[in-house]
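In: Whatever this is, show me its structure:
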Amino acid sequence: DDDNKVIAPWNRDGIPILDAADDDDDDNHDDTNVVDIKEMADERVNDGDTQLTFNVFLLWSKQFIWPRGYDVAALTDSFKWHRSVALKAYEYGRETRSPFIIQQWLSNIEPDYDALQRLIGKNIDWSEQGEFRMQYLFDIDRSPNGNNFAVSIPNHLYVPFNAQMTVWDTRSFLFLYLPITVHGRVSDIWRSYFAQTVMHTLSVHGVADWKLLYCPVLVNQYRNSHNYLADFQSELPLYLQTHELLRFLHRFATEYQIEDVNQVNVAQILLDLYIALYEYDVVQLEDVKGIYFWMNDIINMIGWNADI
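Out: The predicted model follows:
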């Protein structure tokens with residue numbers, strides 16, 4: 001029964017398996033996975049009023065790590081219990097199209113840490129002699145009862161995903177727009193949170209159950225050498241704004257008004273979100289214009305529709 005499995009987006013020869021677009025921007029080397037899908041079965045993650053995020057890295061790691069863009073104000077709490085969260089098999093019927101419109105796969109060697117983790121020595125890249133000095137390997141157990149699984153992220157949890165190892169189903173193409181009025185080290189994280197906000201909004205109103213799927217290690221990633229202090233400075237909004245931003249996005253999703261659930265305009269929800277983000281001073285006016293023209297092109301040039 002393959003209803004609760006996910007297949008890697010390409011095989012060992014680099015030939016695509018899924019009909020999807022990926023946003024891979026590094027020199028990555030693929031390693032095919034076919035893995036089971038799990039979902040969270042723990043009351044501690046089901047309280048949408050208090051639990052707004054989850055440190056998903058801890059499901060595959062014994063270390064104190066977190067993905068770039070994670071709410072650092074929630075770090076201490078995540079280290080107490082996220083690693084031991086209860087999971088169960090995720091199943092959906094064969095007659096149902098997969099709800100996972102976005103997949104995030106992990107990378108070994110140089111995971112997508114933020115600069116804070118790199119500055120304290122969790123990952124040290126190339127030396128002047130051209131040698132790689134410190135690598136990180138996720139603790140993947142491929143035994144039958146191990147953790148080589150993918151995890152369905154509940155729509156009320158905002159979990160950052162990046163622009164390096166993401167797979168986008170055509171239904172998610174409106175969400176591909178990268179904000180241009182924030183730094184590049186912030187842009188893909190803000191995009192991930194904005195996409196999840198629309199998915200959360202649709203879920204609240206019972207319109208669609210589109211989800212984010214977090215997947216285990218697929219590749220080894222070797223980044224170009226970075227200036228960690230410069231990266232830290234560029235990422236300041238991630239450290240200082242994410243905590244309040246997630247609360248703002250949660251309010252938007254739960255309070256958004258949809259008059260007719262049978263005639264939902266996903267593009268309008270996303271545009272309204274960007275207008276609200278502009279008013280909240282998260283993005284600037286150029287991004288409100290940018291998302292409008294982006295959606296106009298996606299809808300009119302490739303014939304996109306929500307297919308809810």
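In: what residue lies at the spatial centre of the protein?
Out: Nearest to the geometric centre of the chain sits residue 161, at 2.5 Å (Cα atoms, centre = their mean).
In: pretty sure that one is in a strand, no?
Out: No. Read with DSSP: H, G, I helix; E, B strand; the rest coil, residue 161 is coil and lies in no strand.
In: quick one: it and residue 68, what's the gap?
Out: Residue 161 sits 10 Å away from residue 68, going by Cβ to Cβ, to the nearest Å. For glycine as for every other residue, the C-beta is placed from the backbone atoms N, C-alpha and C.
In: now do residue 80
Out: Residue 80 is 21 Å from residue 68, by Cβ to Cβ.
In: Settle this for me: the residue nearest to the centre of the chain is touching residue 192, isn't it.
Out: Yes. At 4.4 Å, residue 161 and residue 192 qualify as touching, with contact defined as Cβ atoms under 8 Å.
In: rewinding a little: tell me the secondary structure for the closest residue to the residue nearest to the centre of the chain other than its chain neighbours?
Out: Residue nearest to residue 161 in three dimensions, not counting chain neighbours: residue 104, with 3.9 Å by Cβ to Cβ, 6 or more residues apart in numbering. At residue 104 the chain is in strand, as set by three-state DSSP.
In: Quickly list what residue 104 is bridged to.
Out: Beta-bridge pairing for residue 104 (DSSP bridges): residue 166, residue 214.
In: number of nearby residues for it?
Out: When neighbours are counted by other Cβ atoms under 10 Å, residue 104 registers 24.
In: Check residue 50 too.
Out: By other Cβ under 10 Å, the residues close to residue 50 number 6.
In: and residue 183, what does it touch?
Out: Residues near residue 183 by Cβ atoms under 8 Å, 6 or more residues apart in numbering: 234-235, 237.
In: Does residue 44 touch residue 80 like I think?
Out: No. Between residue 44 and residue 80 there is no contact under Cβ under 8 Å: 10.2 Å.
In: Neighbour count: these two, which is higher?
Out: residue 44 (15 against 8).
In: Could you list the single helix or strand in the protein with the lowest mean pLDDT?
Out: Scoring the helices and strands of the chain by mean pLDDT, DSSP states H and E places strand 21-22 at the bottom, with a mean of 40.
In: May I see the buried residues of stretch 268-278?
Out: Within stretch 268-278, the residues scored as buried using 16 or more other Cβ atoms under 10 Å are 269-274, 276-278.
In: neighbouring contacts of that stretch?
Out: 174-175, 194, 197-198, 201-202, 248, 252, 256, 258, 283-285, 287-288, 291-292, 295.
In: rerun at 6 Å
Out: 174, 197-198, 201, 252, 283, 288, 291 (Cβ atoms under 6 Å, 6 or more residues apart in numbering).
In: what do you get for stretch 247-262?
Out: By Cβ under 6 Å, 6+ apart, stretch 247-262 touches 52, 197, 200-201, 204-205, 207, 276, 280.
In: in the stretch 151-300 of the chain, which spans are strands?
Out: 166-168, 211-222 (DSSP state E, counting those that start in this stretch).
In: can you list the ones you listed in JSON lines and add mean neighbour count, distance to residue 97 and mean pLDDT?
Out: Output for the strands of the stretch 151-300 of the chain, formatted as JSON lines (neighbours: other Cβ atoms under 10 Å; distance: least, Cβ to Cβ, whole Å; pLDDT from 0 to 100):
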{"stretch": "strand 166-168", "mean neighbour count": "23", "distance to residue 97": "15", "mean pLDDT": "93"}
{"stretch": "strand 211-222", "mean neighbour count": "21", "distance to residue 97": "12", "mean pLDDT": "89"}
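In: Tell me which of those strands approaches residue 111 most closely.
Out: Proximity of the strands of the stretch 151-300 of the chain to residue 111 was assessed by Cβ to Cβ; the nearest stretch is strand 211-222, lying at 7.4 Å.
In: helices or strands up against that closest one?
Out: strand 27-30, strand 100-109, strand 149-153 (3 or more Cβ pairs under 6 Å, 6 or more residues apart in numbering; DSSP states H and E).
In: And the second one, how far out from the chain middle?
Out: What it means is strand 100-109. Here strand 100-109 is found 8 Å from its chain centre; the criterion is Cα atoms, centre = their mean, to the nearest Å.
In: got the CA coordinates for it in PDB?
Out: The C-alpha atoms that make up strand 100-109 are tabulated as PDB, following Å, rounded to 0.1, in the frame of the first residue of the first chain:
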ATOM      1  CA  PHE A 100       1.200  17.700   0.000                       C
ATOM      2  CA  ILE A 101       1.600  20.600  -2.400                       C
ATOM      3  CA  ILE A 102       5.000  21.500  -1.000                       C
ATOM      4  CA  GLN A 103       7.800  19.200   0.000                       C
ATOM      5  CA  GLN A 104      11.000  20.200   1.900                       C
ATOM      6  CA  TRP A 105      13.900  17.700   1.800                       C
ATOM      7  CA  LEU A 106      16.900  17.800   4.200                       C
ATOM      8  CA  SER A 107      20.600  18.000   3.300                       C
ATOM      9  CA  ASN A 108      23.500  16.400   5.000                       C
ATOM     10  CA  ILE A 109      27.100  18.000   5.200                       C
END
